[in-house]
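J.: I'll drop the sequence and a predicted model, then ask my questions.
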Amino acid sequence: MLISIAFLLVLCLLNYSSFRMLKSFLTLKKISQHAYLGFFILLSAGEAAFAFYRNTMPSHLFVLTSACSFVTFIVFILSLSFYGFSYSIEKIDFLHSRRKSLKNFLKLGFYLALLGYFWRGFYEGLARPKIKETPIYLDKLDKELKIILLTDMHVGSLLQKDFVDYIVEEVNQKEVDMVLIGGDLVDENIEKVKSFLLPLNNLKSVHGTFYVPGNHEYYHGIEPILSFLDTLNLTILGNECVNLGGINLCGVYDYFARKHQNFAPDIDKALKKRNESQPTILLAHQPKQIRSLKESHSVDLVLSGHTHAGQIFPFSLLVKLAQTYLYGLYKHSDTTQIYVSSGAGYWGVPLRFLAPSEIAYLRLLPKNQA
C-alpha cells in the first residue's frame, strides 16, 4: 500500500510539473489552460484507480488505467526538454521577431514530437516479435546447443491465443535443443487464459520446454497458475535443476517472492543436484537475481527477462538502475555471463519505444570455437 501511495504521489507531481511547464512555454490561453488541467486531472485519476484497484478492475479498465502512467512519463520528458529549449531562447539575445518565430517553431516541434513518439511507440509495440540470434561461448561445453528463450509474453486480455500460436510457429522453425520460458508468461486470472496457453503444448525441441515464473504470475495467483501449467507439456523449474544436453539447467522462483515462505527463490537449492563437470545455466526472471550469486555457485550463464529493454525510452535508464542489466549479453564476472531478453510481449498498452520485442535464439558454443 505504501509503495502504491508513493508511486501515485510521484506521478501526480510529474503531471503537475508538466502542466506548469506546458502553461509556460506554450503560452496557453485560459480555455486551453483549463483543457490541459482537465487532461492531467484525468491522468492522475486513472493512475489512482490503477494504484488501488488494479487487481479487481475489468481487463479493459486495467489496460486503460495502466496506460496513464506511460502517458505521464512521456509527456513529462517531452515537456521538460522543450521547456529547457524555451528557457534558452529567452536567455539568448535574439531580435523580438526572431524569438517569436523560434517559440512558434518550438510549439509546433513539441506537438510533432509527441505525435511521433506515440506513433513510433505503437508501431513497435504492435509489431510481432522477431527471432534474434546471439552466439554465447561457454567453458566446459562439448558441443553446440541451440536454445530459444521466451520471456515476458504477458498472455492476457490483449495478447491472446493468436499471439501464442505465432510464437509457437516461429520457434518451431528453428529446430532447437530446448525452449526456455523465463517468466511473466501469464498476466491475467488463469481461468481466463487457459485456452490461450494450450498452443504451448505444440512447442518442438529435442529436450523439451522448461519454465520459471515471473513477478506477474504472483500478481494473478501463483498456485493456480503453476497447477495449470503443470498439466501442459513443459517442466517447471522451481528451485530445481536438470541435467541434459551436456549442461546443468537450473531455475529459481522469482525475486518478487523472496519474503514469502512458499515459492520463494533459493539458489542454493536450485544448484544442489548439478554435475560440476558441465556448464551451469540458471534461468531467473529478474536480472538483479544475479546479485545473489556467490563465487562458489560457479554459474556460467544466467538467462533473464523482466526489463522489456525498458519498454519506453528513457524509462529504460531507470530500469537499468534497478536491475543492473537492461538488455543483451553481459559479462558479469570472469566466470559468469548474463543474457537479458527484451521479451516477446508488452505490459499494459502495446507501446514500445527504442525497445523492440524479440524471440531470443541463443547458440551456445564451446569456448574453443571462439
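T.: On my side now, so go ahead.

J.: List the buried residues in the helix or strand containing residue 105.
T.: Assigned by DSSP states H and E, residue 105 belongs to helix 96-126. Residues of helix 96-126 classed as buried by neighbour count (16 or more other C-beta atoms under 10 Å): 102, 103, 106, 107, 110, 114, 117, 118, 121, 124, 125. Where you see a C-beta, it was placed from the backbone N, CA and C, and this is true even at glycine.

J.: Name every strand pairing with the next helix or strand after it and say which way it goes.
T.: Counting by DSSP H and E, the next helix or strand C-terminal to helix 96-126 is strand 130-138. Applying DSSP bridges, strand 130-138 is found paired with strand 358-366 (parallel).

J.: Relative to the whole chain's centre, how far out is the partner strand?
T.: From the chain centre to the centre of strand 358-366 is a distance of 19 Å (C-alpha atoms, centre = their mean, to the nearest Å).

J.: cool, and stretch 139-148?
T.: 26 Å.

J.: likewise stretch 295-313?
T.: So, by C-alpha atoms, centre = their mean, the centroid of stretch 295-313 is 11 Å from its chain's centroid.

J.: Send over it as CSV, restricted to the C-alpha atoms.
T.: The C-alpha coordinates for stretch 295-313 follow below in CSV (Å, rounded to 0.1, in the frame of the first residue of the first chain):
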residue,chain,number,x,y,z
GLU,A,295,31.6,-17.2,-6.5
SER,A,296,31.2,-20.7,-5.1
HIS,A,297,28.0,-21.1,-7.1
SER,A,298,30.0,-21.3,-10.3
VAL,A,299,27.2,-20.4,-12.7
ASP,A,300,28.3,-20.0,-16.3
LEU,A,301,25.3,-18.3,-17.7
VAL,A,302,22.2,-16.5,-16.3
LEU,A,303,19.1,-16.1,-18.6
SER,A,304,16.6,-13.4,-17.6
GLY,A,305,13.9,-11.1,-18.9
HIS,A,306,11.6,-8.8,-17.0
THR,A,307,13.1,-5.5,-18.2
HIS,A,308,11.4,-5.3,-21.6
ALA,A,309,14.6,-3.4,-22.5
GLY,A,310,12.9,-0.5,-20.7
GLN,A,311,9.8,-0.7,-23.0
ILE,A,312,9.8,3.1,-23.4
PHE,A,313,12.9,5.2,-23.7
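
J.: before we move on, back to that, possible to save the buried residues of helix 96-126 as TSV with pLDDT and distance to residue 203?
T.: As requested, the buried residues of helix 96-126 are exported to TSV (pLDDT from 0 to 100; distance: C-beta to C-beta, whole Å):
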residue	pLDDT	distance to residue 203
102	81	57
103	79	57
106	84	52
107	86	52
110	89	46
114	92	41
117	93	36
118	92	34
121	92	30
124	94	25
125	92	24
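
J.: and of these, the nearest to residue 90?
T.: If you rank these by distance to residue 90 using C-beta to C-beta, residue 103 comes first, at 8.9 Å.

J.: mind listing what the closest one touches?
T.: 25, 27, 86, 89 (C-beta atoms under 8 Å, 6 or more residues apart in numbering).

J.: How about residue 40?
T.: Going by C-beta under 8 Å, 6+ apart, the list of residues near residue 40 reads 15, 16, 18, 19.

J.: Can you list the residue ranges for helices in the stretch 51-200 of the chain?
T.: Assigned by DSSP state H, counting those that start in this stretch, the stretch 51-200 of the chain shows helices spanning 59-91, 96-126, 161-172, 190-197.

J.: Who are the packing partners of the third one?
T.: Taking 3 or more C-beta pairs under 8 Å, 6 or more residues apart in numbering; DSSP states H and E as contact, the helices and strands that helix 161-172 lies on are strand 145-150, helix 190-197, strand 358-366.

J.: angle of the second one against helix 59-91?
T.: This points to helix 190-197. Here helix 190-197 runs at an angle of 90 degrees relative to helix 59-91 (axes from the mean of the first three to the mean of the last three C-alpha atoms, to 10 degrees).

J.: residues in contact with helix 190-197?
T.: 59, 155-157, 160-161, 163-164, 185-186, 220-221, 224-225, 228-229, 232.

J.: Spatially central, which residue of this protein would that be?
T.: Closest to where the C-alpha atoms of the chain average out (C-alpha atoms, centre = their mean) is residue 308, at 2.6 Å.

J.: Quick check: that residue vs residue 89, distance?
T.: To residue 89, residue 308 is 36 Å away according to C-beta to C-beta, to the nearest Å.

J.: now do residue 121
T.: Taking C-beta to C-beta, one finds residue 121 at 28 Å from residue 89.
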